[in-house]
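# fold the following, please.
(one chain, ligands or ions: 1)
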Amino acid sequence: MSATVLWKAKSKLAGAIGHLGGYAIARQLTQRSPRILMYHRFSPDGSGKGLAVDEFEYQVREIARHFRPVTLSQLVKELNSPQGPGPKSVVITVDDGYEDFHRYAFPVLRKHGVPATVFVTTDFVDGSLWLWPDVLEYALDHCAKKHVSIQVQGQTVEIDLSNADSKKAGWSRLVSTSLSLPDARMRELHADVLRQCGVVLPASPTDEYKPLSWQQIREVDSAGIEIGAHTRTHPALSRIPPERLEEEIAGSKRRIEQELGHPISTFCYPNGTPDDINEQVKATVRAAGFCGAPVAFFDKRVTDDLHELRRYPVGAWRRKFLQAVHGVELLARGHA
Ligand SMILES: [Zn+2]
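Prediction:
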């Protein structure tokens, strides 16, 4: 069968499997391909800022029942070995280093004996930094005005703050604008948003946006959760001056190792879109001694490049999670 015919057949099969719920077949066909899942925040019931803890537990149970959960460094080690990765490998990764990981996700992982890799932004954990999407959310949420106009790149962004939906739309617009700007210009934009909103940002993140403490990080590390680095200040690495790359990348590694007392070996690119990564960024990640680094998007190149490992974003949509973890997504992309 030609590659195209095979791919078409697999795509058709993938569609049918999703409808019929034949996840066992998909799992079997794709068992040699590891899946790396991407999470960010957790919450008690899903109504707030993160995945509901019950839904996360459902997902962890599904992973424990049908797969072989490993940390990212374990997977990389196996990818580097002549035999390749063990069958049915799944890696749970959690980005940023919010305190809600310790509060909600960690007890679930411990209960089911499932490891994970948590990427922490070190200035955030040190309490001297807000993660930038939170700065925008805090500014819009605490603004007393019903409407603000923000000047950016010669254009005016009008934000209606009169209801939750329009506020959310305004926040999304500012986030996507931020992602297109050089880091320094982006920080200026955020200062301007705060000014226009008449909001003063507290020096450290408030409870809603709180990071893990180093004590909590040491606790989860000694319980089998792998800690990886996610830079010092969460910049778009392709849009900072190259002389800052070493400090952001190797600097975050040094800071974590100082607190844990042992080496770490994995790194995660902030934002993680194709635009956030370039050859110089990757070279700096390799030179810092990281054996593997995931991005925040998925395509069929899954594990072709250890410093651009593909990940599935996981949310509360159960069917999407099941399709991703059982390999239906992989089959749909012609990779098995
Ligand atoms: Zn991040």
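
# tell me how many other residues crowd the residue nearest to residue 244 when sequence neighbours are not counted.
Excluding the flanking residues, the one nearest residue 244 by Cβ to Cβ, 6 or more residues apart in numbering is residue 235, at 7.7 Å. Using the backbone N, CA and C atoms, a C-beta is placed for each residue, glycine as well. Residues within reach of residue 235, counting by other Cβ atoms under 10 Å, total 22.

# do I have it right that residue 235 meets residue 184?
No. Counting by Cβ atoms under 8 Å, residue 235 stays clear of residue 184, with 9.2 Å between them.

# got any ranges where the stretch 201-336 of the chain has weak pLDDT?
Counting by pLDDT under 70, the stretch 201-336 of the chain shows low-confidence ranges at 335-336.

# can you list the residues of it near the ion?
Selection of the stretch 201-336 of the chain residues close to the ion by Cβ under 5 Å from the ion yields residue 270.

# find the closest residue to the ion in the stretch 201-336 of the chain.
In the stretch 201-336 of the chain, no residue comes nearer to the ion than residue 270, which is 4.9 Å away by Cβ to the ion.

# quick check: that residue is in a helix.
No. Counting by DSSP: H, G, I helix; E, B strand; the rest coil, residue 270 is located in no helix; its state is coil.

# run a quick neighbour tally on the closest residue to residue 276 other than its chain neighbours.
Using Cβ to Cβ, 6+ apart and skipping residues adjacent in sequence, the residue nearest residue 276 is residue 236, 4.8 Å away. Residue 236 sits with 24 neighbouring residues when counted by other Cβ under 10 Å.

# next, residue 236: phi, psi?
In terms of degrees, to the nearest 10, the main-chain angles of residue 236 are phi -80, psi 110.

# got the buried residues for stretch 100-118?
100-106, 108-109, 114-118 (16 or more other Cβ atoms under 10 Å).

# looking at these, spot the one nearest residue 53.
Using Cβ to Cβ, residue 104 comes nearest to residue 53 of these, at 4.3 Å.

# surely that closest one forms part of a helix?
Yes. Counting by three-state DSSP, residue 104 is located in a helix.

# so it sits against residue 56, correct?
Yes. The criterion here is Cβ under 8 Å, and residue 104 meets it with residue 56 at 7.1 Å.

# which neighbours do those two share?
Residues touching both residue 104 and residue 56 (Cβ atoms under 8 Å, 6 or more residues apart in numbering): residue 42.

# now do the strands for the stretch 101-250 of the chain: every range, in order, please.
117-120, 147-152, 155-160, 226-229 (DSSP state E, counting those that start in this stretch).

# pick the most buried one from the ones you listed.
strand 117-120 (a mean of 26; mean count of other Cβ atoms under 10 Å).

# which residues touch the residue nearest in space to the middle of the chain?
The residue lying closest to the centre of the chain (Cα atoms, centre = their mean) is residue 95, at 4.1 Å. Each residue near residue 95 by Cβ under 8 Å, 6+ apart is listed here: 38, 39, 40, 119, 230, 268, 296.

# near the ion, which residues of the stretch 1-150 of the chain show up?
Listed as neighbours of the ion in the stretch 1-150 of the chain under the rule Cβ under 5 Å from the ion: 95, 96.

# if I look at the residue nearest to the centre of the chain, how far off is residue 143?
Separation of residue 95 from residue 143 (Cβ to Cβ, to the nearest Å): 27 Å.

# test my guess that the residue nearest to residue 276 contacts residue 271.
Yes. With contact defined as Cβ under 8 Å, residue 236 reaches residue 271; the gap is 5.4 Å.

# which neighbours do these two share?
residue 179.

# near residue 92, how many other residues are there?
Residue 92, neighbours per other Cβ under 10 Å, totals 26.

# cool, and residue 268?
29.

# residue 304 and residue 280, how far apart?
20 Å.

# revised request: answer the last question for residue 115.
Applying Cβ to Cβ, the value for residue 115 to residue 280 is 32 Å.

# sketch out the low-pLDDT regions of the stretch 1-150 of the chain for me.
1-21.

# which segments of the chain make up each domain?
Using automatic domain parsing, the domain ranges for the chain come out as 3-127+206-332, 132-197.

# now stretch 205-223: how far from the chain's centre is it?
17 Å (Cα atoms, centre = their mean, to the nearest Å).

# and if you look at stretch 75-93?
That offset, for stretch 75-93, works out to 19 Å (Cα atoms, centre = their mean).

# other residues contacting it?
27, 31-32, 34-39, 60, 63, 66-72, 109, 114-119, 228, 265-266, 268, 291-292, 294, 303, 306, 311, 325.

# in this structure residue 33 contacts residue 330, no?
Yes. If you go by Cβ under 8 Å, residue 33 and residue 330 touch, sitting 5.5 Å apart.

# the top strand by length along the chain pairs with which strands?
Secondary structure of the chain per DSSP state E: the longest strand is strand 89-96. If you go by DSSP bridges, strand 89-96 pairs up with strand 35-39 (parallel), strand 68-69 (parallel), strand 117-120 (parallel).

# any idea how far residue 199 is from residue 148?
Residue 199 is 10 Å from residue 148, by Cβ to Cβ.

# then residue 24?
Residue 24 is 53 Å from residue 148, by Cβ to Cβ.
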